[in-house]
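1. Fold the following for me, if possible:
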Amino acid sequence: MKQKKTTVSSKKHLVKTQRTSRLAGKASQKSINYYFDILDNLDAIIFVVNMQSHEILYANKNALSLLGNFTGKTCWQFLQGDVSGPCSFCSTRYLLNSDGTPHGSLSYDIQNTVTSGWYNVHERSVNLPDGRSVRIHLATDITDKKKTVDKLKKSEEKHRTVADYTYDWECWLNEKRNFEYISPSCQRITGHYREEFLADPSLLKKIIHPEDRSKFIRHQDKAFQSPRSSHLEFRIISRDGTIKWISHYCQPVYGEGDSFRGRRSSNRDITEKIEAETKTKLNALRLSTLISLYEKKELDIEEICDFVLESSLPITSSSIGFLGFLNENESVVTIHAWSQKVMRECSIREKSIEFNVLKAGVWGEAVRQRQPFVINDFSLDSPLKKGTPEGHVDVDRFLAVPLLSNNKVIAIVAVGNKEEPYTNGDADQLKLLLEGMWQILQRKKAEKEVFKQSEKIRHFAGAVAHDLKSPAISVCGLAKILKDKYVNILDERGLKYCEQIMKSSEQISSLAEDINSYITTRDTPCDFKVLELKEIWSTVRGEFMLQLQDRNISWVESGMEFIEIVGSRIGMLRIFRNLVENALKYGGESLSEITMGYKTSEEYHILMVGNNGAGILEEDEEVIFQEFKRKPKSPQVYGSGLGLAIVKEIAKKHKGRSWLEKGSDGGPVFCVSIAKDL
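-> Okay, the predicted model is just below:
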């Protein structure tokens with residue numbers, strides 16, 4: 001396939017454009033690989049299903065290790081093993097609107113027939129850029145939780161009927177709210193022996209977490225006035241300082257003559273259940289946050305940074321934090337923003353936004369050590385702490401994570417005051433969030449540079465096209481005058497040279513016009529109006545009537561008599577004009593018929609131009625719509641290689657696409673789809 005020769009200057013600009021495009025492509029690919037790494041490292045089964053074919057499109061490492069290879073498999077084969085068709089509980093119908101578009105999300109628990117394990121499933125439907133609807137499936141193993149819950153349910157009825165030797169912590173408070181009985185299990189759960197509770201009836205309230213104490217007192221007051229059973233979940237602080245979650249059930253106790261004897265309670269340690277639920281919710285939140293970050297890639301830089309800061313708090317269960325960026329030599333941190341709670345509670349009037357790293361306290365260690373830095377008890381003395389100014393928000397726990405690029409610290413995010421100690425998992429999540437932010441910021445920088453370069457090239461191409469056209473027309477005119485005026489003087493070779501000059505100058509003029517048309521097509525917004533397709537065909541037919549008659553080529557129009565579409569009149573004329581011209585140029589000697597066609601789908605008008613001329617090889621079908629690509633093996637036919645590229649651009653502006661099909665006679669049929677919702 002031959003490409004139009006360009007000037008040395010043009011080549012340089014094209015090379016520069018290609019290099020810039022490759023850089024942007026690498027940045028985009030790096031961003032994609034980064035998100036796949038995230039999914040592979042999550043403690044969950046994740047896969048993506050085509051909602052039409054049920055084909056597995058992607059599965060992370062955890063899914064592959066548990067369920068095996070997904071190649072060529074549908075979701076029911078991948079997940080359920082011996083199922084012969086779509087599952088009866090398939091969620092696709094709940095995740096699609098009536099028109100087939102993705103809608104909402106779904107969450108449920110299910111047992112897998114392959115692993116026999118129980119999973120908490122979160123599903124969400126989205127559209128891929130290529131138009132396919134897919135279901136994103138996140139499954140977290142809750143087998144242990146399920147077993148624990150089932151075990152608790154089975155034992156609950158038994159333990160409530162047994163007073164002594166029960167696994168749960170059983171209590172009986174008399175009408176004066178003193179202990180009549182307390183089971184030995186209290187020592188296992190609270191660390192305190194039952195004799196301590198019997199000796200000090202207020203010990204129960206003392207060990208309840210301060211944040212839950214008033215809630216428990218209100219519950220107890222209300223319960224002692226009610227004949228019904230009641231339930232409450234609250235936290236206690238055991239003797240060793242461990243925080244435990246208690247599921248508390250109580251009901252009235254009656255003696256002879258239905259006399260009120262107080263209330264009997266059963267207290268169960270549900271810490272593992274709560275932690276499992278919290279972990280499941282946290283994993284879902286972290287995945288959702290990373291997906292949301294990717295979805296916000298089109299926002300401006302400040303909004304992306306604000307999102308990262310505010311998202312860093314819930315994914316680490318923190319209440320305060322800040323995000324900052326370092327200067328080139330890593331000596332100064334400029335704070336991008338403080339979290340909202342810091343701004344509310346900090347009473348320092350003039351809050352600095354720039355801090356010297358060498359003089360900084362504990363948060364500066366993350367920069368100096370170039371790794372996450374954590375303090376889980378801020379009350380302990382440390383030589384790294386340099387104190388806080390009066391009015392500074394209180395800090396109990398602290399975690400700072402740096403972001404490195406090319407071995408330089410470029411940003412830092414710090415969070416604080418998590419109720420539980422910070423872990424490596426918290427640091428890893430912040431690191432992933434920062435890296436995601438940086439990938440987006442770098443991509444934005446690359447896109448900005450690509451846009452800047454493309455603008456330069458666009459202006460250059462327009463200038464070149466304009467500057468080429470005028471002298472080309474002049475050269476053509478002069479050659480024609482030379483030929484006509486000196487026809488009796490010039491020999492056969494001279495006349496041939498004149499004809500060649502005229503032909504070449506016309507080709508240059510045509511190329512300049514096509515370049516201008518291509519740039520205009522890409523940059524000019526469309527003026528959509530209701531159009532009658534037959535009228536468009538008639539206009540184009542009139543433009544080519546002489547050529548059709550000279551070559552004895554038939555013009556055939558198929559489809560309905562009256563066809564209305566919404567589109568750009570200029571764009572529609574350009575589409576049919578370019579496709580007819582393409583047929584006349586490359587149809588060859590066998591070309592005897594050009595056919596206009598139309599068909600419709602639910603979402604698109606489909607316009608067709610076919611001919612019975614020379615066909616196009618299958619391997620060339622994908623490239624002919626690219627810029628400066630021409631049908632191979634046609635060196636005798638001149639063309640700029642922009643005609644079909646212009647058709648493709650117009651189709652895109654009408655929310656459609658262009659492609660090539662093979663007609664019943666083997667000839668090419670060019671198709672263009674136009675959206676109906678313009």
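
2. quick one, helices of the stretch 151-300 of the chain?
-> 185-190, 194-199, 203-207, 210-223, 271-295 (DSSP state H, counting those that start in this stretch).

3. got the buried residues for the shortest one?
-> Put plainly, it is helix 203-207. Across helix 203-207, burial judged by 16 or more other CB atoms under 10 Å covers 204, 207. To be clear about C-beta, it is placed using only N, CA and C from the backbone, and glycine gets the same treatment.

4. hang on, residue 44 packs against residue 282?
-> No. Between residue 44 and residue 282 there is no contact under CB atoms under 8 Å: 11.4 Å.

5. Who has more neighbours out of those two?
-> When neighbours are counted by other CB atoms under 10 Å, residue 44 and residue 282 differ, and residue 44 comes out ahead with 22 against 17.

6. And what about the closest residue to residue 107 other than its chain neighbours, helix, strand or coil?
-> Spatially, and ignoring its direct neighbours in sequence, residue 107 is nearest to residue 122 (5.1 Å; CB to CB, 6 or more residues apart in numbering). Assigned by DSSP: H, G, I helix; E, B strand; the rest coil, the conformation of residue 122 is strand.

7. Just the mean pLDDT for stretch 145-160, thanks.
-> The average pLDDT within stretch 145-160 is 74.

8. Run a quick neighbour tally on residue 222.
-> Burial of residue 222 is recorded as 12 neighbouring residues (other CB under 10 Å).

9. Excluding chain neighbours, what is closest to it?
-> Nearest non-adjacent residue to residue 222 (CB to CB, 6+ apart): residue 230, at 7.4 Å.

10. wait, what's in contact with that neighbour?
-> Residues in contact with residue 230, defined by CB atoms under 8 Å, 6 or more residues apart in numbering, are 219, 222-223, 249-251.

11. Tell me which residues of stretch 410-430 come out buried.
-> For stretch 410-430, by 16+ other CB under 10 Å, it's 410-418, 422, 426-427, 429-430.

12. Residue 358 is in contact with residue 331, correct?
-> Yes. Contact between residue 331 and residue 358 holds when scored by CB under 8 Å: they sit 7.0 Å apart.

13. quick revisit: just name the closest of the buried residues of stretch 410-430 to residue 295, please.
-> Among the buried residues of stretch 410-430, residue 429 lies closest to residue 295 (CB to CB), at 18.0 Å.

14. Quick check: that closest one vs residue 401, distance?
-> From residue 429 across to residue 401, the span is 9 Å (CB to CB, to the nearest Å).

15. Show me where the stretch 251-400 of the chain has its strands.
-> For the stretch 251-400 of the chain, strands defined by DSSP state E, counting those that start in this stretch occupy the ranges 260-269, 320-326, 332-338, 354-356, 373-375, 398-405.

16. Using TSV, lay out the ones you listed together with mean neighbour count and distance to residue 196.
-> Formatted as TSV, those follow (neighbours: other CB atoms under 10 Å; distance: least, CB to CB, whole Å):
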stretch	mean neighbour count	distance to residue 196
strand 260-269	20	15
strand 320-326	21	38
strand 332-338	18	45
strand 354-356	12	50
strand 373-375	21	34
strand 398-405	22	36
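
17. In a markdown table: those, plus distance to residue 496 and mean pLDDT.
-> Below are those laid out as a markdown table (distance: least, CB to CB, whole Å; pLDDT from 0 to 100):
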| stretch | distance to residue 496 | mean pLDDT |
| --- | --- | --- |
| strand 260-269 | 101 | 93 |
| strand 320-326 | 69 | 89 |
| strand 332-338 | 72 | 85 |
| strand 354-356 | 77 | 83 |
| strand 373-375 | 82 | 91 |
| strand 398-405 | 64 | 90 |
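
18. wait, which of these is closest to residue 166?
-> Shortest distance between residue 166 and the strands of the stretch 251-400 of the chain, using CB to CB, is found for strand 260-269: 7.8 Å.

19. which secondary structure elements does that closest one contact?
-> In terms of contacts (3 or more CB pairs under 8 Å, 6 or more residues apart in numbering; DSSP states H and E), strand 260-269 is packed against helix 143-161, strand 169-173, strand 243-254.

20. Just the C-alpha atoms of the second one, please, in PDB.
-> If I follow you right, that is strand 169-173. Output of strand 169-173 as PDB, limited to C-alpha atoms (Å, rounded to 0.1, in the frame of the first residue of the first chain):
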ATOM      1  CA  TRP A 169     -22.700 -15.100  79.300                       C
ATOM      2  CA  GLU A 170     -26.000 -15.500  81.100                       C
ATOM      3  CA  CYS A 171     -27.300 -13.000  83.600                       C
ATOM      4  CA  TRP A 172     -30.400 -12.500  85.900                       C
ATOM      5  CA  LEU A 173     -31.000  -9.100  87.300                       C
END
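
21. what's in contact with it?
-> 159, 162-163, 179-183, 185-186, 188-190, 204, 246, 253, 262-269.

22. Between helix 210-223 and it, find me the angle.
-> 50 degrees (axes from the mean of the first three to the mean of the last three CA atoms, to 10 degrees).

23. Can you tell me the strand partners of strand 169-173 and which way each runs?
-> strand 179-182 (antiparallel), strand 260-269 (antiparallel) (DSSP bridges).

24. how about a markdown table for those strands, with distance to residue 214 added?
-> Listed next are these as a markdown table, based on distance: least, CB to CB, whole Å:
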| stretch | distance to residue 214 |
| --- | --- |
| strand 179-182 | 21 |
| strand 260-269 | 18 |
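
25. ok, the residue nearest to residue 600 when sequence neighbours are not counted to residue 649 distance?
-> Sequence neighbours aside, residue 606 is the residue nearest to residue 600 in space, at 6.6 Å (criterion: CB to CB, 6+ apart). For residue 606, the distance to residue 649 equals 18 Å [CB to CB].

26. picking up where we left off before, report the two of the contacts of residue 230 separated the most.
-> 222 and 249 (14.4 Å).

27. quick revisit: would you mind telling me which of the helices and strands packed on strand 260-269 is nearest residue 37?
-> Of all the helices and strands packed on strand 260-269, helix 143-161 comes closest under CB to CB, at 26.3 Å.

28. ok, residue 111 - how many residues close by?
-> Residue 111 has 11 nearby residues by other CB under 10 Å.

29. so who does it touch?
-> 117-119.

30. With pLDDT as added columns, please give these in CSV.
-> Shown next, in CSV, are the contacts of residue 111 (pLDDT from 0 to 100):
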residue, pLDDT
117, 85
118, 90
119, 89
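
31. neighbour-wise, which of those residues leads?
-> Going by other CB under 10 Å, residue 119 tops the contacts of residue 111 with 22 neighbours.

32. give me the element the closest residue to that residue other than its chain neighbours is part of.
-> Spatial nearest neighbour of residue 119, excluding adjacent residues (CB to CB, 6+ apart): residue 139 at 4.1 Å. Residue 139 is located in strand 133-141, with elements delineated by DSSP states H and E.

33. now that strand and helix 271-295, what's the angle there?
-> Using the same axes, to 10 degrees: strand 133-141 against helix 271-295 is 150 degrees.

34. tell me what strand 133-141 is packed against?
-> Partner elements for strand 133-141 (3+ CB pairs under 8 Å, 6+ apart): strand 45-50, strand 118-127, helix 271-295.

35. Can you tell me which of the ones you listed is most buried?
-> strand 45-50 (a mean of 22; mean count of other CB atoms under 10 Å).

36. now the angle from that strand to strand 133-141?
-> Angle, strand 45-50 to strand 133-141, by the same axes, to 10 degrees: 160 degrees.

37. Give me the contacts around strand 45-50.
-> By CB under 8 Å, 6+ apart, the residues outside strand 45-50 that reach it are 39, 55-60, 62-63, 66-67, 70, 75, 78, 119, 132-141, 287.

38. Compute the distance between the closest residue to residue 251 other than its chain neighbours and residue 147, please.
-> Among residues not flanking residue 251 along the chain, residue 229 sits closest, at 3.7 Å (CB to CB, 6+ apart). According to CB to CB, residue 229 stands 26 Å off from residue 147.
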